[in-house]
Each structure stands twice: as C-alpha cells, then as structure tokens.
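Student: Give me a model of this one.
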Amino acid sequence: MRTAAHQPIMILGTGSHCGKTTIVAGLCRYFADKGLRVAPFKSQNMALNSFVTDSGQELARSIAVQAQGARQTPRVEMNPILLKPKSDTLCQLIIDGQPVRDVTAQTNFLDAQLRAEKLVAIDRSIATLRLNFDLIIAEGAGSCAEPNLAEVDLVNLTVAKRLGARVFVLGDIDVGGVFAQFAGTHEILARTDPQGLRRLEGFVINKFRGDPELLAPGIAFHDAGCPVPICSVLPMLPNLSLEEEDRASFPARPHAPLKIAIPYLPRIANTSDFDLLAQSDDVEIRLVRSGDEFGQPAAVIIPGTKNTIDDLAVLRTSGMAERIKAMAAHTPVFGICGGFQMLGRELNDPHQVESDSAVTEGLNLLDIDFTFEVKKTVARRTYKPTSFNPYRAAGAVSGYEIHCGHAATPAERPLYTRDDQDAKPGEGAPSHVDGAAHPDKPIFGSFIHDLFRNPAFCQAFLNDLRIRHGLPTRERPLDPPEQIADRNLDRVAEMIREHWGPALSMAVNNGR
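Tutor: Okay, the predicted model is just below:
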C-alpha cells in the first residue's frame, strides 16, 4: 500500500464520443510504462456494457479496458457508480459493484439523499485509490459544460475538485466545429463553475487528420481569445481496435463469405462479446433491425439485453423473431444471456422484475423455461463442455454471468458444467450447468458472457460455419482479445508520447 505521489489528471470532453475513454486508456498505459502504479477512475458511468470482477462486482467494461491499459486488475473503486438503463426513464443503480435499486431519471439527478449516498461512495473510492496507486487518471462524462446539470454534476468538475486534479478538455475535430466547442465550453464554465474552471489547464484537439499547418491559424485564433490554451493536437489513429463504451461497431466486409447477423435490440448489452468474431477476415458482423435485413446469414446470434421481455417484444414486432424461427432448422442460432432466455418456451416473472406480465411466451426454439428472480447473479467462472456441446473439442472456457433470469429446471442437454469451487461471491442460482442445445437443430443458448472471446471456442464456432458453407477450416488460433487490446493500447500510448507526452510528464512531476 502506498499514498499517491502524483497529482491526478482528469480528461473531460466537449461532448460524447470525443474519445475520452480511449485517451484515458492510452494515458494509463503511457504512465504505467514509466513505472508508475496507475488507476483509472470514472465516478459514475451509464452503460450496458459491463464487466464482472474476480470478486463478483459489476463495473463498466470501459473501465476494465482502462485498467488493462494501466496493467492493473479491474477493481470496483475505479467505477463506484454504474447506471444500467432499463427503459428511457428507468435505470438499475449499482453502487460499489452491487445492484441497489431501480431509479427514475428524475430521482437519479434531483434526489438530494441519493446524491449524498453517491458522494460517499465516490469519496471512499478516491481515498482507496490514493492509498494504493501513484497516479489516478480520471474520465468525465458527456460534455463538462451543461448548464442544466451544473448543480447536480457528479462526474465532471465536481469530481475534479474532489480529486484536486489537473484538468484537460478533449474536443473531437472530426465532427467539425472544434474551436466553437472550446469557446462555448469555456464561456459556459465561466458562468456556471468559475472555481472549477480554474482547474482547466488546456484544451486538446482529438482525431485530427490532415496537414497540421492548416490548423495553425485556428489555434492562433483560439489562443488569442481564450486564456486556456490548446496544449496538444492528437491525430486520428486508423483501424484502432478497442472496445467502445456504449455503442457497437464492427468492420464492414461486404465480400466476406460468412455473415453473422445480430439483432440490434433497444437494450442490447455487452456487444463486446462479439469483438473476436469480427477479427476474422472472412467474417462480417451485421447488426440488423428488422426481419428484412437478415439476408441469408451463416449464423444468427441473439445478444444479451438489459430488458429481455421488452426486447423480445421488439424482436416480434420488427419481424426478426419470425425470420429467426424460419431459419433455425438449418442456420445456427445462438442466444447469449437474455438472448438465451428468448429462445425458451416460457419466461415467468412472478416478482415483476422485468415486466407486468406474469408469463411471457418465448420463441419456443429450446425446450427450457426461465424464471426471473429479484436476486441478481453476478459471477466470473470457468466451465467445462458436456457431451452435448458440438464445440467441446475447444475445451474449457472462461467468462462471466450477469442475469436475473434462471432456468426453471436444468436443461436436459446443457452445454457446460462447472464445479462448486468455481462459484464466486455474488452469484445467485445454485445450478451447476449452463446453457442448452436442441437435440436435432443447430440451436444453442448460454448465460456466459465472453464465451465468444475464448479463442479456441470462437475458432471452433467459425470452423463449423466454414464447413457448413464448403470453406476450408483454419487451424491457426485466433489471438486472445487481451493481446489485441494490448497492441492497440500501445499505439495510443505511443501517440500520446509523441504528441503530448513531454508536457504531461512535466505536469505530473510538478504535482508531486
């Protein structure tokens, strides 16, 4: 245990998707490579892509990527508050890695008692990170200059002041208007939080491409009219492959022989499950929103979701359910977590965990029923394949579970088993089997997130598709996702070293 020796750095943004998550991950790698023990930090995250720690706690998956950048094991203090949207007005509130209750948007922003509860968790996490790390690198959320949220902020300048952080604001030049973004941000902060504005040391232009000389007049214009300078210009990194915080994108490969269709549902969760599939150059992942968009895919994967019942209704009204059922006799259909539950016969909700309906009919593609329980399963485990598993040659897999729905009775043809000692704190149902396989058709389901991120399993699944389509199998194993992420984190760190590093290193050293 040690006390932090360096003043924290905080990266805020002029808006969403300007690259805060990626830059913080790169900064973590940059300073970790200098020998510092670094911790990423985001006080509050709203995301459906989540991660389970070894101790059975839930945090935003983007924080896990940043922890990898820092070469640290993810821990819940790095993201003490997580909000998982269940509808447009309702979120599941998770504090210190454990679900607390559902909250409305109004309660989340305006309830004074809840705000105090959150601040206690934030301060406790900051104190723990200070004791265990040399440097904290924090990330804000959305725009740091929202006048309607200034009084209720819990993730931007409010946190910067609690950290005593040096603050930099990132702007996305790729969407245009970056100088207006900076000017507007400075003007609004001057009016809403002049104390917080004093922490701002510089603006950073992100995702620049082109001739830097053409940018010089704009920088001179900014610096002449704004007391906070533009301190760095970071280039666009082509073909960067790092998980995105709250949206899914996969490489477009129109000529790839294997098309895998994934229904893009309103509450889709953990789309990172499919990143490794998308790394293969003969695969194109297609996110579809209606039955007409499926075409003739090599396989269909129904993803996880934060609201299984509502998204099942969307699957039906969009025509996707009918299309999937028509293809299922010959086209492999695989359901993950909520997608697995949709494949069953009945979804029972006696406690109204997900809906007002006591019973909802599933797609009836697997002979299994599910029941939603109030207690949530959050567990990281290893699993061994059964004789019913067509991919059993790939061996044991690792992954994690996050779900409230459980099999009412174990499947007659499960895909995996686990030993008692594999259970982790925070788990719910006691069943020692996972998943189900149809006896005659290529229809499968599993609760295991990260299943397709196991290289051997992913390769076995793809080779099965290749055989079905008369293509040669591939024997060279896929690179583990962690190795792919490390290569990309090194690229971001090198970019930071070249374009921003000396000034940053000086700032950190001055803050000792």
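Student: leaving aside the residues next to it on the chain, what's closest to Gly26?
Tutor: Nearest residue to Gly26, sequence neighbours excluded (C-beta to C-beta, 6 or more residues apart in numbering): Val492, at 3.0 Å. Every C-beta, even on glycine, is put in place using the N, C-alpha and C of the backbone.
Student: I figured that neighbour hits Thr21, correct?
Tutor: No: taking C-beta atoms under 8 Å as the definition, Val492 is not a contact partner of Thr21, at 10.6 Å.
Student: who's more crowded, those two?
Tutor: Higher neighbour count among Val492 and Thr21: Thr21, with 27 against 24, using other C-beta atoms under 10 Å.
Student: can you map out the strands along the stretch 1-150 of the chain?
Tutor: Taking DSSP state E, counting those that start in this stretch as the criterion, the stretch 1-150 of the chain carries its strands at 9-13, 38-41, 44-46, 50-52, 58-60, 81-85, 90-95, 98-104, 135-139.
Student: I'd like those written out as CSV, with mean neighbour count and distance to Ile324 added.
Tutor: Formatted as CSV, the strands of the stretch 1-150 of the chain follow (neighbours: other C-beta atoms under 10 Å; distance: least, C-beta to C-beta, whole Å):
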stretch, mean neighbour count, distance to Ile324
strand 9-13, 27, 38
strand 38-41, 27, 39
strand 44-46, 22, 30
strand 50-52, 26, 26
strand 58-60, 27, 29
strand 81-85, 23, 25
strand 90-95, 20, 27
strand 98-104, 15, 30
strand 135-139, 26, 38
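Student: Tell me which of the ones you listed sits nearest to Gln181.
Tutor: Nearest of the strands of the stretch 1-150 of the chain to Gln181, taken as C-beta to C-beta: strand 9-13 at 9.1 Å.
Student: average model confidence for the lengthiest helix in the chain?
Tutor: Looking across the chain with DSSP state H, the single longest helix is helix 112-132. For helix 112-132, mean pLDDT is 97.
Student: and His255, how many neighbours?
Tutor: As a burial measure, His255 scores 6 neighbours (other C-beta under 10 Å).
Student: Ignore what I typed, I meant Pro332.
Tutor: 21.
Student: how close does it get to Ile260?
Tutor: Separation of Pro332 from Ile260 (C-beta to C-beta, to the nearest Å): 9 Å.
Student: Angles on the backbone of the residue lying farthest from the centre of the chain, please.
Tutor: Largest separation from the mean C-alpha position in the chain: Ala224, at 39.5 Å (C-alpha atoms, centre = their mean). In terms of degrees, to the nearest 10, the main-chain angles of Ala224 are phi -70, psi -20.
Student: Now do the buried residues in the longest helix of the chain.
Tutor: 114, 118-119, 121-122, 125-126, 128-130, 132 (16 or more other C-beta atoms under 10 Å).
Student: Pull out the buried positions in the strand or helix carrying Val492.
Tutor: According to DSSP states H and E, Val492 maps onto helix 481-499. Buried residues in helix 481-499, counting neighbours by 16+ other C-beta under 10 Å, are found at 481, 484-486, 488-489, 491-497, 499.
Student: Tell me where the model's unsure across this structure.
Tutor: 1-4, 245-247, 419-431, 506-512 (pLDDT under 70).
Student: ok, back up a step: check the gap between the residue nearest to Gly26 and Ile302 for me.
Tutor: In terms of C-beta to C-beta, Val492 sits 33 Å off from Ile302.
Student: ditto for Asp54
Tutor: Relative to Ile302, Asp54 is positioned 28 Å away (C-beta to C-beta).
Student: between the two, who's got more neighbours?
Tutor: Ile302 (30 against 12).
Student: what bridges to that one?
Tutor: Gly335 (DSSP bridges).
Student: can you pull the contacts of Ala183?
Tutor: By C-beta atoms under 8 Å, 6 or more residues apart in numbering, the contact set of Ala183 is 222, 225-226.
Student: Most neighbours among those, which one is it?
Tutor: Ranked by neighbour count (other C-beta under 10 Å), the contacts of Ala183 have His222 at the top, with 19 neighbours.
Student: Using the record, which stretches count as separate domains in this structure?
Tutor: 9-241+486-510, 258-470 (automatic domain parsing).
Student: looking at those domains, which is closest to Phe250?
Tutor: When the domains of the chain are compared by C-beta to C-beta, domain 258-470 sits nearest Phe250, at 3.9 Å.
Student: And the closest one, end to end?
Tutor: 11 Å (C-alpha to C-alpha, to the nearest Å).
Student: Off-centre distance for that domain?
Tutor: 18 Å (C-alpha atoms, centre = their mean, to the nearest Å).
Student: from now on call the first residue 26
Tutor: With the count now opening at 26, the last piece we talked about shows up as domain 283-495.
Student: coming back round to it: mind giving me the packing neighbours of the helix holding Val517?
Tutor: helix 45-57, helix 86-94, strand 255-260 (3 or more C-beta pairs under 8 Å, 6 or more residues apart in numbering; DSSP states H and E).
Student: Just the residues contacting that helix, thanks.
Tutor: Counting by C-beta under 8 Å, 6+ apart, 47-48, 50-52, 54-55, 58, 90, 93-94, 257-260, 262, 265-268, 300-301, 304, 478, 529 sit against helix 506-524.
Student: Next up, the contacts around Leu487.
Tutor: The contact partners of Leu487, taken as C-beta under 8 Å, 6+ apart, are 283, 302, 305, 307-308, 499.
Student: okay if I get the residues you listed as CSV plus neighbour count and secondary structure?
Tutor: Shown next, in CSV, are the contacts of Leu487 (neighbours: other C-beta atoms under 10 Å; DSSP: H, G, I helix; E, B strand; the rest coil):
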residue, neighbour count, secondary structure
Leu283, 20, strand
Leu302, 22, helix
Ser305, 20, coil
Asp307, 17, coil
Val308, 24, strand
Arg499, 13, coil
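Student: Out of the residues you listed, which comes closest to Gln117?
Tutor: Distances from Gln117 to the contacts of Leu487, taken by C-beta to C-beta, are shortest for Leu302, at 27.6 Å.
Student: pretty sure the closest one contacts Asn479?
Tutor: No: with contact defined as C-beta under 8 Å, Leu302 does not count as touching Asn479 (11.3 Å).
Student: between these two, what contacts are shared?
Tutor: Residues touching both Leu302 and Asn479 (C-beta under 8 Å, 6+ apart): there are none.
Student: In the contacts of Leu487, find the pair that's most separated.
Tutor: Farthest apart among the contacts of Leu487 by C-beta to C-beta are Leu302 and Arg499. That separation is 13.1 Å.
Student: Could you tell me how many residues sit around Val378?
Tutor: 18.
Student: Now do the same contact list for it.
Tutor: 397-399, 429.
Student: What separation is there between it and Ile48?
Tutor: Applying C-beta to C-beta, the value for Val378 to Ile48 is 38 Å.
Student: Give the next helix or strand downstream of the lengthiest strand in the chain.
Tutor: Longest strand of the chain, by residue count under DSSP state E: strand 395-410. Per DSSP H and E, strand 395-410 leads on to strand 422-432 as the next helix or strand towards the C-terminus.
Student: Can I get that following strand in CSV, CA atoms only?
Tutor: What follows is strand 422-432, C-alpha atoms only, in CSV (Å, rounded to 0.1, in the frame of the first residue of the first chain):
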residue,chain,number,x,y,z
VAL,A,422,-14.0,-21.7,-21.4
SER,A,423,-14.0,-18.8,-19.0
GLY,A,424,-16.5,-16.0,-18.8
TYR,A,425,-19.0,-14.3,-16.5
GLU,A,426,-22.7,-14.1,-15.9
ILE,A,427,-24.9,-11.1,-15.2
HIS,A,428,-28.6,-12.0,-15.1
CYS,A,429,-31.8,-12.1,-13.1
GLY,A,430,-33.4,-14.9,-15.1
HIS,A,431,-32.6,-18.5,-14.3
ALA,A,432,-33.6,-21.8,-15.8
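Student: Between strand 106-110 and it, find me the angle.
Tutor: Taking axes from the mean of the first three to the mean of the last three C-alpha atoms, to 10 degrees, one finds strand 422-432 and strand 106-110 inclined to each other by 60 degrees.
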